[in-house]
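# based on what follows, work out the 3D shape:
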Amino acid sequence: MRTPSSLCLIAFILFAGAVIASTRATQTPKQSAAASTTPNQTRLKRGKYLTEEVARCTECHTPRDARGNLDNSRALQGAPVWIVPVHPDQNWAQQAPALAGFAAYTDKDGEKILEKGQGPNGEIIRPPMHIYHLNHQDAMDIIAYLRSVPTTTH
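Residues are numbered from 1 along each chain as shown. Below you'll find the model as predicted:
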């Protein structure tokens, strides 16, 4: 036997389903196309998320203004490394390279860096760069996103 509250819940779910179905039925093809995303757009969106929110590449590879804030008008253009080691380290990088456009790297270089923690030409990645061991799809999404970032700003 169903209780009044379970009947209300069922009625609500059916109503919501009907509203969603009628909304989709009244969309024009142009609206439907705009609402959907292409695989490439999804890949770039995921690459941007991984770059900016997970790996936080912008923190070191984007220049900062006089107040120490990221200068997003020059996103991923390369920058002096502002992080200093606790103990002296001769291998500490002083400059984070430009990643915008990913022009200085091949896809294979990017795969080695992001999947194996190995720099181009087999060199060791210098601190403070993190060593990543990403899966192949995540690495390729990041590379695709970096290639989409403008190399210069106007």
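
# and the strands in the protein?
Using DSSP state E, the strands of the chain run over residues 79-80, 95-96.

# how far away is residue 58 from residue 99?
9 Å (Cβ to Cβ, to the nearest Å). Every C-beta, even on glycine, is put in place using the N, C-alpha and C of the backbone.

# what do you get for residue 143?
Taking Cβ to Cβ, one finds residue 143 at 10 Å from residue 99.

# looking at these two, which is more packed in?
residue 99 (27 against 24; other Cβ atoms under 10 Å).

# ok, the more buried one - contacts?
57, 61, 76, 78, 146, 149 (Cβ atoms under 8 Å, 6 or more residues apart in numbering).

# mind redoing it with 7 Å?
57, 61, 76, 146 (Cβ atoms under 7 Å, 6 or more residues apart in numbering).

# okay, now the domains of this structure?
1-35, 37-148 (automatic domain parsing).

# contacting residues around the one residue sitting closest to the centre of the chain?
Note on the chain: the residue nearest the mean C-alpha position is residue 48, at 2.2 Å, using Cα atoms, centre = their mean. Listed by Cβ under 7 Å, 6+ apart, the contact set of residue 48 reads residue 145.
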